[in-house]
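> predicted model follows, preceded by the sequence.
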Amino acid sequence: MLPLLLLLAGGALEAQAPLGPDVAAQKAAMKKLEFLVGKWSGDASIHTPQGVRKIRQTEQVEYRLGGLVLLVEGTGKDPGSGEVVFNALATISYDDTAKSYRIRAFNAGRYLDTELRAESNAFEWGFTSGPAKVRNVMKLNEAGEWVEYGEVTIGDRPPMRTVEFTVRK
């Protein structure tokens, strides 16, 4: 009798257990970002209060965890000295429950976790911090180059570019 009770109790617990992640749906969604995978490099401009600074930008993008996560590392170096002036690391994943992409980005001791909107050969993400709205927009151009810019809008002022770059594989 005990084995039958354990079997019935196990079935009742299993019926109440939440469903696990849909790994197949996550992998299919992440496949849509496959165009990013590779090593990219090119020129970038960082807009600062002191003026525009030119750097050499690289973006290294690779799948991790069997295609469930994209690891993106961006590095900007001074073209003359080779000094690293910008470095960021991000992970991009797909939340099958919310049906949305998430980006978690790290830079200069800070991090953020926000939604990433993906389209065919393009993406956009941003966040709000106090009165500032930050937006990053990326797309592949006709030549297959990764073109990206970042901008910040404070209050009702027009957007100001913070960074722009074009990199190629």
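Cool, got the structure. Please read all numbers here as calculations on a predicted model, not as lab measurements.

> pLDDT on the top strand by length along the chain, on average?
In the chain, taking DSSP state E as the definition, the longest strand is strand 51-64. What strand 51-64 shows for mean pLDDT is 97.

> so which bits of the helix or strand following it are buried?
As assigned by DSSP states H and E, the chain's next helix or strand after strand 51-64 is strand 69-77. Residues of strand 69-77 classed as buried by neighbour count (16 or more other C-beta atoms under 10 Å): 69-70, 72, 74-77. Quick note: C-beta positions are derived from backbone N, CA and C, even for glycine.

> okay, the angle between strand 69-77 and strand 51-64?
Orientation of strand 69-77 against strand 51-64 (axes from the mean of the first three to the mean of the last three C-alpha atoms, to 10 degrees) gives an angle of 150 degrees.

> what lines up beside strand 69-77 in the sheet?
Partners of strand 69-77 in the sheet, by DSSP bridges, are strand 51-64 (antiparallel), strand 84-95 (antiparallel).

> may I have that strand exported as PDB, CA atoms only?
These are the backbone C-alpha positions of strand 69-77, laid out as PDB (Å, rounded to 0.1, in the frame of the first residue of the first chain):
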ATOM      1  CA  VAL A  69      23.800  33.100 -24.000                       C
ATOM      2  CA  LEU A  70      25.700  35.600 -26.200                       C
ATOM      3  CA  LEU A  71      28.900  36.900 -24.500                       C
ATOM      4  CA  VAL A  72      29.800  40.400 -25.900                       C
ATOM      5  CA  GLU A  73      33.100  42.200 -25.000                       C
ATOM      6  CA  GLY A  74      33.800  45.600 -26.400                       C
ATOM      7  CA  THR A  75      37.200  47.200 -26.000                       C
ATOM      8  CA  GLY A  76      38.200  50.700 -27.200                       C
ATOM      9  CA  LYS A  77      41.900  51.600 -27.400                       C
END
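
> got phi/psi on Ala25?
Main-chain torsions, Ala25, degrees, to the nearest 10: phi -70, psi -40.

> actually Val134, not the one I typed
Residue torsions, per degrees, to the nearest 10, at Val134 are phi -110, psi 140.

> Gly144 contacts Thr166, correct?
No. Using C-beta atoms under 8 Å, Gly144 is not in contact with Thr166, being 11.0 Å away.

> looking at those two, which is more packed in?
Legend: neighbour count by other C-beta atoms under 10 Å for Gly144 and Thr166, higher for Thr166 (17 against 10).

> show me the contacts for the more buried one.
By C-beta atoms under 8 Å, 6 or more residues apart in numbering, the contact list for Thr166 reads 42-44, 141, 145-147.

> which one of the residues you listed is nearest Asn87?
Nearest to Asn87 among these: Ala44, at 12.6 Å, using C-beta to C-beta.

> cool, thanks, talk later.
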